[in-house]
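Enquirer: I would like to see how this sequence folds:
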Amino acid sequence: MFQVRKAADRGHFDHGWLDTYHTFSFGDYHDPAHMAFRALRVINEDRVAAGTGFGMHGHRDMEIVTYVLSGALEHKDSMGNGEILRPGELQRMSAGTGIRHSEFNPSGTDPVHLYQIWLLPQSKGIEPSYEQKAFPSAARSGRWQLVASPDGADGSLTIHQDAQVFLATLQAGDSLGHELASGRHAWLQVLRGSVDVNGTHLETSDAVAVSNEPQLTVVGSEPAEVMLFNLP
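Expert: Below is the predicted model:
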C-alpha cells in the first residue's frame with residue numbers, strides 16, 4: 001500500500017512569525033483522515049522568522065526529534081540544557097514524565113527552516129532526557145545514514161520507540177533501496193528536491209506512507225534529500 005501525502009494538502013497556518021505546515025492533525029488543524037501513521041504522531045514543517053520562536057511550554061510522553069534544514073534554532077529546557085541547533089544537526093527530546101522547553105531563532109536577519117517530528121514512545125512515564133548530535137553530510141550522500149534508533153546504533157540518537165530514522169541525499173539518477181521486514185511500515189518525507197519511490201513521483205515536502213511492501217526503491221529525479229522512518 002502506497003498512500004501519498006501531497007505537500008499542498010497539509011494543514012497550513014501563517015502566523016506572521018511562524019509559517020507552518022502540519023502533516024497530521026495538530027493544534028487548530030484537525031483532519032480525521034490524517035491523525036498519525038503508526039508511531040508517527042506529528043510532522044511539522046516550520047519556518048520561524050528572525051528573532052522569534054516558541055516560548056517556554058510543556059510536553060509529556062512524547063519523543064520529539066528536530067532537524068534544521070537552514071538557519072539556526074536555540075533550545076532551552078527545564079533540565080538546564082541550552083544548545084543551538086544548526087543544519088546537519090538533530091535534536092532528540094524525550095518528554096517522559098514532563099519537560100518544558102523553548103525554541104527560538106537567534107538570528108536578527110534570517111529565518112530558520114526546520115522539521116519537528118513527534119513519535120509515540122513505547123512506554124509512558126520515562127525519565128525526561130535530551131540529546132543533540134551533528135551528522136556529517138558526506139555520510140548520507142547516495143546512502144542511508146541512521147540518525148535515530150532504539151539502541152543508538154552507529155552513533156544515532158536514541159529514541160524510546162522501535163523505530164529507525166534515516167537521512168539520505170541523492171543526485172539525479174541515484175538509486176537507493178530499503179528492505180521492510182514483515183510487519184514493518186515506512187514513511188518517506190521529501191525534505192528538498194524530487195524523487196520517485198517505487199515509481200511514484202514525489203516533490204519537495206511530499207511524503208508517502210508504505211505498508212505491506214517488502215522493498216522501497218528511491219530514485220533521485222533531481223538533487224534531493226529525504227528522511228525515511230522504518231516503523232512497527
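Enquirer: Remind me which helix or strand the most far-flung residue of the chain relative to its centre belongs to.
Expert: Note on the chain: the largest C-alpha distance from the chain mean falls to residue 108, namely 25.5 Å (CA atoms, centre = their mean). Counting by DSSP states H and E, no helix or strand carries residue 108.
Enquirer: any idea how far it is from residue 71?
Expert: Using CB to CB, to the nearest Å, residue 108 is found at 12 Å from residue 71. The way it works is simple: take the backbone N, C-alpha and C, and place the C-beta from them, glycine included.
Enquirer: Show me the beta-bridge partners of the residue nearest the centre of the chain.
Expert: What sits nearest the mean C-alpha location of the chain, by CA atoms, centre = their mean, is residue 117, with 4.4 Å. Beta-bridge partners for residue 117, by DSSP bridges, are residue 43, residue 65.
Enquirer: so who does it touch?
Expert: Neighbouring residues of residue 117 by CB atoms under 8 Å, 6 or more residues apart in numbering: 40, 42, 43, 44, 64, 65, 66, 67, 165.
Enquirer: wait, doesn't residue 94 sit right on residue 119?
Expert: No - look at residue 94 against residue 119 with CB atoms under 8 Å: they stay out of range, at 10.0 Å.
Enquirer: Could you please give me the overlap between the contact lists of these two?
Expert: Listed contacts common to residue 94 and residue 119 are 62, 63, 159; contacts here mean CB under 8 Å, 6+ apart.
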